[in-house]
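# Sequence unavailable; structure follows:
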């Protein structure tokens, strides 16, 4: 069964450093998403991406964040200058059609900013 | 008003019990609804999709009441492995998750 994969599973970085989180969405899916979940809190939407551009973003997704589809399979989330409060689980998801369609989540990357 | 509201629980039930969760949503234009389950420190996993009045999959039944704007999830014959947090989602431009309802099935 096709699945969303994410690397790395755990990333530790120092405050102020740049990190890139990687995702491989399900191959025939056209919509891609990033969510985050701070420990003990709910899953929060960050951004959606379709046809090589951002289609929707939340207020969390500020200028420190960017997304890219550098090739035909990868989808990345970059945080330019990490802050302590960026420590969270970051989930990538994909869907065949738009946000109203079923979204499938990857296993997540645990980001720890020290 | 929050987009989705759920009773946070926890619901503590014995194995074999039937348990039901309700979820109310605010956007009457939502066409599709989903139930996800999330285990501790894991990703949300799609459990059921609800596009019309309801859906059934084995021990799980989801029902939609558009007039009252609520969705329910019924779990019959609860198993220990059903212990998780259950998340109701009514997507608009993205999935908006509530805090979910925690279920603990006890032996």
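Ah, there it is. Since the structure is predicted, the reported quantities are computational estimates derived from the model, not experimental observations.

# so residue B:27 sits right up against residue B:92, yeah?
Yes - with contact defined as C-beta atoms under 8 Å, residue B:27 counts as touching residue B:92 (5.8 Å). All C-beta spots, glycine's among them, are computed from the backbone N, C-alpha and C.

# and whatever helix or strand residue B:86 lives in, what other elements does it pack with?
According to DSSP states H and E, residue B:86 maps onto strand B:84-89. When contacts are defined as 3 or more C-beta pairs under 8 Å, 6 or more residues apart in numbering or on different chains; DSSP states H and E, strand B:84-89 sits against strand B:4-6, strand B:19-25, strand B:33-38, strand B:70-75, strand B:101-106.

# Now do that strand and strand B:70-75, the angle between them.
Interaxial angle, strand B:84-89 versus strand B:70-75 (axes from the mean of the first three to the mean of the last three C-alpha atoms, to 10 degrees): 150 degrees.

# what angle do strand B:84-89 and strand B:101-106 make?
Using the same axes, to 10 degrees: strand B:84-89 against strand B:101-106 is 150 degrees.

# got a list of contacts for strand B:84-89?
Here strand B:84-89 makes contact (C-beta atoms under 8 Å, 6 or more residues apart in numbering or on different chains) with A:43, B:4, B:6, B:21, B:23, B:25, B:33-39, B:44, B:47, B:71, B:73, B:95-98, B:100-103.

# angle of that strand against strand B:19-25?
Using the same axes, to 10 degrees: strand B:84-89 against strand B:19-25 is 30 degrees.

# what's the angle from strand B:84-89 to strand B:33-38?
150 degrees.

# end to end, how far does stretch A:66-85 reach?
Stretch A:66-85 has an end-to-end distance of 17 Å (C-alpha to C-alpha, to the nearest Å).

# just to revisit the earlier point, could you pull up the mean pLDDT of the strand holding residue B:86?
In this model, strand B:84-89 has an average pLDDT of 94.

# Having no further points to raise, I will conclude here.
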